[in-house]
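Trainee: the following comprises the amino acid sequence and a computationally predicted model.
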Amino acid sequence: MIPDFEVTILGNTSSIPVHGRHHTAQVVRFGQDFLLIDCGEAMQLQARAFKIKVSKINHIFISHLHGDHYLGLVGLLSSYHLGKRTTPLTIFGPQGLDEIITTHFRWSNTKLSYPLTFVQTHDDGINLLLDDPRFEVYSFPLKHRLPTTGFLIKEKHGLRSMIKEKLQQNEVPLAAILSLRQGIDYKDESGKLYKVKAYTQPLPPLRSYAYCSDTIFNPELKQFIQNVDLLYHESTFMEDNVERAAVTFHSTAKQAAEIAKMSQVKNLLLGHYSSRYVHLEPLLDEAKTVFKNSILSEEGSTYSL
């Protein structure tokens, strides 16, 4: 059975929470695993509103140290403590994040009820952060005003499914089944060969999700996000503010679409909207002139891969 792989948007605005929109935060679910990507203010309220069980989150990924991407983190960690959490939690983020968090808890005289581990991210290329039996999480560099990374989540192949008819027609030893399910041909003591292609179902295509938070237009990104099923790319401005985008190291909706097109992704999810835009349809229209499979991220919506 193919596990669910989906993204729920909790916040999609940029520096100021306005127009009913909230600071950046999203939850990626892979089967029973929940990953939090960025943690802006009101993350907990949004999670409750959209029935996301934050207690199931064991890994948090912070892209950079601008407040709209992490200021909800201390509150979330405090709530875990007040709820007497004991499950270990790992936070991946840039240098300085551990100091910010530990300083807060030191001065509030709080000893957390659960083990908390910090893993420092680096913006010097693609780096493997989390290696789960079913998926991997990588960081990759973005170009912003301070060290910033995007995140790439890639599905791994699980055990192969056997072709039942083949098992019924042939007496297949257990050792052969175990080997074939791992994608390895098996030869028994008599020399009989059991081929993976003959006894197992074809593997489904692997799925992938890329998250690009704050970044200036950067064609070099395509080497990290090529062919992903879903790309979330910031689209803070429209093209009439392209100079403002460059000065602030952000992107326009059209530029996000250009990245999606050159990277040959399947679908583009726009987000990180400037507070100047009350209505977002013009950003979507702009993106679709370049990349038709563009979608406006909407808070509370879940996007399946």
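Mentor: Nice, I can see it.

Trainee: and for residue 37, the neighbour number?
Mentor: Taking other C-beta atoms under 10 Å as the neighbour definition, residue 37 ends up with a count of 26. C-beta coordinates here come from the backbone N, C-alpha and C atoms, glycine included.

Trainee: and the gap between residue 21 and residue 35?
Mentor: Residue 21 is 22 Å from residue 35, where distance means C-beta to C-beta, to the nearest Å.

Trainee: give me the more crowded residue out of the two.
Mentor: Neighbours were tallied for residue 21 and for residue 35 using other C-beta under 10 Å; the higher tally belongs to residue 35 (24 against 21).

Trainee: dump the residue contacts of that one.
Mentor: With contact taken as C-beta atoms under 8 Å, 6 or more residues apart in numbering, residue 35 is in contact with 27-29, 57, 59-61, 137, 153.

Trainee: now residue 114
Mentor: With contacts defined as C-beta under 8 Å, 6+ apart, residue 114 is in contact with 80-81, 85-89.

Trainee: switch to 6 Å and redo it
Mentor: Under the criterion of C-beta atoms under 6 Å, 6 or more residues apart in numbering, the contact partners of residue 114 comprise 85-86, 89.

Trainee: go on, residue 113?
Mentor: 81, 84-85.

Trainee: who wins for most neighbours among those residues?
Mentor: For the contacts of residue 113, counting by other C-beta under 10 Å, the largest number of neighbours falls to residue 85: 18 neighbours.

Trainee: not counting its neighbours along the chain, what's nearest that residue?
Mentor: Sequence neighbours aside, residue 114 is the residue nearest to residue 85 in space, at 4.4 Å (criterion: C-beta to C-beta, 6 or more residues apart in numbering).

Trainee: and that neighbour, how far is that from residue 102?
Mentor: Note on residue 114: its distance to residue 102, by C-beta to C-beta, is 14 Å.

Trainee: repeat for residue 72
Mentor: As judged by C-beta to C-beta, residue 72 and residue 102 stand 17 Å apart.

Trainee: higher neighbour count, those two?
Mentor: Between residue 72 and residue 102, counted using other C-beta under 10 Å, the more crowded position is residue 72 (27 against 13).

Trainee: re earlier: with distance to residue 97 as extra columns, can I get the contacts of residue 35 in TSV?
Mentor: As requested, the contacts of residue 35 are arranged in TSV below (distance: C-beta to C-beta, whole Å):
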residue	distance to residue 97
27	19
28	19
29	24
57	16
59	14
60	10
61	11
137	17
153	20
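
Trainee: filter these down to the ones in strands?
Mentor: The strands in this structure, assigned by DSSP state E, contain 27-29, 57, 59-61, 137, 153 from these.

Trainee: the strands in the stretch 201-305 of the chain, which residues?
Mentor: With DSSP state E, counting those that start in this stretch as the definition, the stretch 201-305 of the chain shows strands at residue ranges 208-212, 230-234, 267-271, 294-296, 302-304.
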